[in-house]
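1. Quick one: sequence and predicted model below, then my questions.
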Amino acid sequence: MDGVDERSLARLFHAALDGDERAYGNFLHEAARLVRVWARRRAFGGPDPEDIVQETLLAIHVKRHTWRSDGPVTPWLYAIAKHKLVDALRRQGRHPRVEISEMEDRLAAEETETARDWEIGRALETLTPGQRSVVTAISVEGRTIAETARSLDMNETAVRVALHRGLTAIARRFGRD
């Protein structure tokens, strides 16, 4: 432990249990620091580590009488933190929830060419010009068969055939028959 060793932490907690408010404040400060580091390492991508710290401190306060004064403090402290982390993970469920407001900056950002865009361009280059126009209009731009037929001056059956042949050629080229 950096900052305070096990014996110092135990002395602070003993004094706190004997009614020393200042020692209790120092103990909680050190406990929060230790749990914060512990929670950040274990709650990655899960619950907010600061929530784990706060719930742990509250549980320490409520369950302070359960600490065996002849034993070390940190294992008792980390056991409480572990239970609070497990509780938070259970509340969160298997799928973390992300508020849309947290993502709006990313969603609103202008798209740049990505590896996926590059792969699409590479796939389209393997097609004949007619197939490329049809596949681009329908699969990339999201146009309908009818819209594509009108814009390319083709009948709808020809558009369907070109789309099918183009997608088949791409699948064959990239090993996805």
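-> Good, I have the coordinates. Numbers count the residues shown, from 1 in each chain.

2. Would you mark the buried spots in the helix or strand containing residue 26?
-> Using DSSP states H and E, residue 26 falls within helix 21-42. For helix 21-42, a neighbour-count test (16 or more other C-beta atoms under 10 Å) marks 23-24, 26-28, 30-32, 34-36, 38-39 as buried. Where you see a C-beta, it was placed from the backbone N, CA and C, and this is true even at glycine.

3. Three-state assignment for residue 47, please.
-> coil (DSSP: H, G, I helix; E, B strand; the rest coil).

4. How about it: what's its closest non-neighbour residue?
-> Residue nearest to residue 47 in three dimensions, not counting chain neighbours: residue 88, with 3.8 Å by C-beta to C-beta, 6 or more residues apart in numbering.

5. just residue 140 next, same as before
-> residue 120 is the one closest to residue 140 (C-beta to C-beta, 6+ apart), at 6.6 Å.

6. swap in residue 124?
-> Here the residue nearest residue 124, using C-beta to C-beta, 6+ apart, is residue 132, at 5.1 Å.

7. Please, which helix or strand holds that neighbour?
-> Using DSSP H and E, residue 132 sits in helix 129-135.

8. State the mean pLDDT of that helix.
-> Helix 129-135 shows a mean pLDDT of 90.

9. packing partners for it?
-> helix 115-125, helix 145-152, helix 156-173 (3 or more C-beta pairs under 8 Å, 6 or more residues apart in numbering; DSSP states H and E).

10. Quick one: the ones you listed as CSV, columns for mean pLDDT too.
-> Conversion of the helices and strands packed on helix 129-135 to CSV gives the following (pLDDT from 0 to 100):
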stretch, mean pLDDT
helix 115-125, 73
helix 145-152, 92
helix 156-173, 89
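
11. Dump those to JSON lines, plus mean neighbour count and distance to residue 82.
-> Listed next are those as JSON lines, based on neighbours: other C-beta atoms under 10 Å; distance: least, C-beta to C-beta, whole Å:
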{"stretch": "helix 115-125", "mean neighbour count": "12", "distance to residue 82": "39"}
{"stretch": "helix 145-152", "mean neighbour count": "15", "distance to residue 82": "58"}
{"stretch": "helix 156-173", "mean neighbour count": "16", "distance to residue 82": "49"}
